[in-house]
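Trainee: have a look; sequence and predicted model below, questions after that.
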Amino acid sequence: MRRLLIHTILFLFGLSLGLSLPWFWWLDREAERRFAERQWTQDSRIYGRPLELYVGRKLRLDDLIFELERIGMRAGDPGRVGRFRQQAARVDLHAPAFRFPDQDQAAQRLRIELVGGVVESLENPGGESLALVRLPPAELGDLLPMGSDDRTLTQLADFPPLLVTGIQAVEDRQFRHHHGIDPRGLARAIWTNLRRGAVVQGGSTITQQLVKNLFLSPDRSLIRKLNEAVMAISLERHFSKGEILEAYLNEVYLGQDGAQAIHGFGRASAYYFGLPVQALDVDQIALLIGMARGASWYHPVRNPERARIRRDFVLGQFLDTGLIDSAQHDRLAERALDVSTHRQRRQRPNAAFLELVSRQLRRDYRDDDLRGTGLKIFTTLSPSAQHAAEQGLARGLSARERQAGELQGAAILIEPSSGEIRALVGDRQASRRGFNRALDARRSVGSVIKPFVYLLALAQPDRYTLTSPIIDEPIEIEQPGREPWQPRNHDDISHGEVALMDALANSYNQATVALGMEIGLPALYRLLGQLGIETGDEQHPSALLGAISLTPLQVAQLYQPLAAEGYSTPLRAITQVVDAENREIGRYPMRLRPIREEGALALLDFALRHAVTDGTARALPALLNEDPGVRGKTGTTNDRRDAWFVGYTRQWLGVVWTGRDDNAPAGVTGSSTALPIWAEIANALPFRPQPTQWPDTLEWFWIDWPQARLASEQCPNALAVPFIQGSQPLVLSDCFEPASTSRRARGRRR
Amino acid sequence: MRVVEGAKFIIDRYLNNNTMNRIPSACTKTAIALTILVVFTACATQPPAPTEDRSVAEQVRAPAAEQTRGLQVFPLRNPAVTELSEAALAAEQQGDLDQATLLLERALRIQPRDPELLQHMAEIRLERGEWEQAEGFAARSFDVGPRLGEICQRNWRTMALARERLMRFDEAATARERLQSCQIEPPARL
């Protein structure tokens, strides 16, 4: 009998050993594998362009503060990271650290003085002046909808030291010494809990909690506890304490933001306090450490009382372990919970721009390469310009629609010379995700197309100049299988013989069709193709008046070389993509392609300035705080369905479209709807005055009107007009004095 | 002698255009004019043979630097741009062309019309074998630049090299011709 019992025990022991050894072996392997793969489950973050500070930079104080807030900084004592203090036109700030792909940039203190909207001085606290400081970029969002959970990896060294030691003081004081499980800690926890008659202390080590967060379901069973212990020991065998702690700080569950789980102290800090983790105060660190035990039980908004008691308990632990002194403890324990979950993630700021970024990435990479790989995507968006565009569009539409909510719109801002997209708005409610009009609303462009017809004409200086007479009169174009086309002018008046530059500036339809038919439709379609616009096969004369449907982004692409002195560059939203270790995955460098018609482009530039000073856009200068010499073109389509305005300087190119989503008549016009919105946006942007540099191939002459003839400066109506060398008119005006010259003196610029 | 007078005139113009320079005496001006003429005559008869052991960018820079001793354009520069462009040069010398490109792009965001930055970018693109881009940036640099002196030479030498690599030999020859006029034409601007 006894032998049977011994045999049975031995048999069961052998059986369990035989079963559990492979089981332990499997757990060990899984723990190692899954931990090593952990880095591949981070979300990809998208960043705006970093703000570069240097003396002489145009920068308004409001914009600086706005940009600082967008990078997660808050008003406060600049002695602490992530805080800034503004006094009159001086801003002291303590910018957080940031790992740029090319440089690990440490946190740094700065003093900036602005005078008249320009950076006057830039110094470090020692009073040394700095040539250039690159602030960390604003985080715009993540690549959606790839992951439902929100994770970013913060390196151990980037967590505040108090958080790193504090979490050990509260959760696992033996962390540095144990091998994954802590039997003494477990015994002490059991003893304490028995004595108090409630669970006040947990016995899990940080490693066990990490295992639970990473791999296991939240159910409480003995088997799970056993697995957890085995895997914890396994992790300790394969990885260093530093790696385990770093993973824990990045993985621990700290609450819920809608459907998204908040993992890690970095995310939690941004969610609960709107701060980078380095900028957290002691009491804020204590609150978050307290939540690690149970994020919903100790939730500071839903259960503020419990959260506060827990925070004070953590502060007590800090005091016990000498992390803070008693004066500090008493002061901090007085503080209320200062939680601001105002950051609404369902609303997606920069929705339209992020959509563009995400489309470009999907075009260039496989989905698998993008999913959860912790990419950092650096983009061209300027948070302050984006803000200006969003506000301008929303306010402008409300002020100009016939009934509230009737109109929709899109606005795009780019930097012409580099083709970088600084702002993109695809909805009057900019953070609404949905139909992105900037990218997807293909609408008739109307007169916005006309400059390209005139560019083709001006590229033939032996046939056309700015003063060439064009006939604006009723015209009939035969069309195979259709009624002849009879374009009309907007005001239903034909103006007879007009100068080419006036026909463009006043946007005369009949004159433009007459000119376009002389040049030929294929030339226009070819030019549009060269400028990167696909138009389809069918060529229709009404294209001369803009019966071509383009998106606002395509219109921006069309106008980019006009604003960039004839150098075409593809519009860019992304500059660089790096992986979680800052290794470069992809790059989108600036590219330039010269368009050969330097002289013609300059003449067109002159004519588009003429449109702003004397043509359909003449309302603009009065709406601008200061006119930096804007060139522009209005566009209105049939029955006032669409209104466009495209305006540019060398620094900014802006496209505004408005209309109704159902394409019904909307009562809008380019000059009365889109143009004022453009002006409102432009008034919020920094403009540098820049004199125009005209190419050497141009010569300037004084021209008399209405029939363009050579005049002298003294003639009453004389206007200086540029001509490509040798193309000026030869007929002299009556008021021309033989002793004078009609050539304008060099060195004068308009 | 008329040629020397002409060169003196150019130097006068040039120096007057650059506030940073003190106006030297007439004697110094003549000396500089003669030096330029001598150097220029030398280059007209003996074009520098491209040496294969030089990097492509060096093939552009070195001859220009040799020929324009004493006549360099030092425009007043934003210190931020100087910092970035020096860092770009350092990165280039270490062979990190990616980093050099990034730094130059940052500088170009600050001063998009700086001929020196644009030409530097053109030379980096040459080294990367991006011939079309090299040509584009050099052309842009010429458009906004002084159209005279060292940088003008680098502009046209870059365009010539790039066009040769793109098998556009006629255009490359035109570029080599334009290269000659970098020395004799005054900066003709309106």
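Mentor: Thanks, I have it. Numbering: from 1, shown residues only, chains lettered A, B, ... in the order given.
Trainee: what residues does chain B put near chain A?
Mentor: Proximity of chain B to chain A, by CB under 8 Å from any CB of the partner chain, involves residues B:78-80, B:82-84, B:98-99, B:101-103, B:105-106, B:108-110, B:112-113, B:121, B:132-133, B:136-137, B:139-140, B:143-144, B:188-190. All C-beta spots, glycine's among them, are computed from the backbone N, C-alpha and C.
Trainee: any of those residues buried? List them.
Mentor: Among the residues of chain B next to chain A, those scoring as buried are B:78, B:80, B:83-84, B:98-99, B:101-103, B:105-106, B:108-110, B:112-113, B:121, B:132-133, B:136-137, B:139-140, B:143, B:190 (criterion: 16 or more other CB atoms under 10 Å in any protein chain shown).
Trainee: mind listing what residue A:249 touches?
Mentor: Counting by CB atoms under 8 Å, 6 or more residues apart in numbering or on different chains, residue A:249 makes contact with A:154, A:156, A:159, A:163, A:164, A:167, A:264, A:265.
Trainee: what is the nearest of those to chain B?
Mentor: Taking CB to the nearest CB as the measure, chain B lies nearest residue A:154 of the contacts of residue A:249, at 24.4 Å.
Trainee: ok, back up a step: inside helices: which ones of the buried ones among the residues of chain B next to chain A?
Mentor: B:80, B:83-84, B:98-99, B:101-103, B:105-106, B:108-110, B:121, B:132-133, B:136-137, B:139-140, B:143 (DSSP state H).
Trainee: so which of the contacts of residue A:249 is the most crowded?
Mentor: The most neighbours of any of these, using other CB atoms under 10 Å in any protein chain shown, belong to residue A:265, which has 27 neighbours.
Trainee: thought residue A:158 was touching that residue, still the case?
Mentor: No - counting by CB atoms under 8 Å, residue A:265 stays clear of residue A:158, with 10.4 Å between them.
Trainee: what sits in contact with each of the two?
Mentor: The contact sets of residue A:265 and residue A:158 overlap at residue A:277 (CB under 8 Å, 6+ apart).
Trainee: can you put the contacts of residue A:249 in CSV and add pLDDT and distance to residue A:283?
Mentor: Below are the contacts of residue A:249 laid out as CSV (pLDDT from 0 to 100; distance: CB to CB, whole Å):
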residue, pLDDT, distance to residue A:283
A:154, 80, 20
A:156, 87, 23
A:159, 91, 17
A:163, 94, 12
A:164, 93, 17
A:167, 93, 15
A:264, 89, 20
A:265, 91, 15
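Trainee: make JSON lines from those and add distance to residue B:165 and secondary structure to it.
Mentor: Output for those, formatted as JSON lines (distance: CB to CB, whole Å; DSSP: H, G, I helix; E, B strand; the rest coil):
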{"residue": "A:154", "distance to residue B:165": "47", "secondary structure": "coil"}
{"residue": "A:156", "distance to residue B:165": "49", "secondary structure": "helix"}
{"residue": "A:159", "distance to residue B:165": "51", "secondary structure": "coil"}
{"residue": "A:163", "distance to residue B:165": "56", "secondary structure": "helix"}
{"residue": "A:164", "distance to residue B:165": "55", "secondary structure": "helix"}
{"residue": "A:167", "distance to residue B:165": "60", "secondary structure": "helix"}
{"residue": "A:264", "distance to residue B:165": "51", "secondary structure": "helix"}
{"residue": "A:265", "distance to residue B:165": "54", "secondary structure": "helix"}
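Trainee: looking at those, spot the one nearest residue B:151.
Mentor: For these, the closest approach to residue B:151 (CB to CB) belongs to residue A:154, at 45.9 Å.
Trainee: find the nearest non-adjacent residue to the closest one, please.
Mentor: Closest residue to residue A:154 in three dimensions, ignoring its sequence neighbours and counting by CB to CB, 6 or more residues apart in numbering or on different chains: residue A:266, at 4.2 Å.
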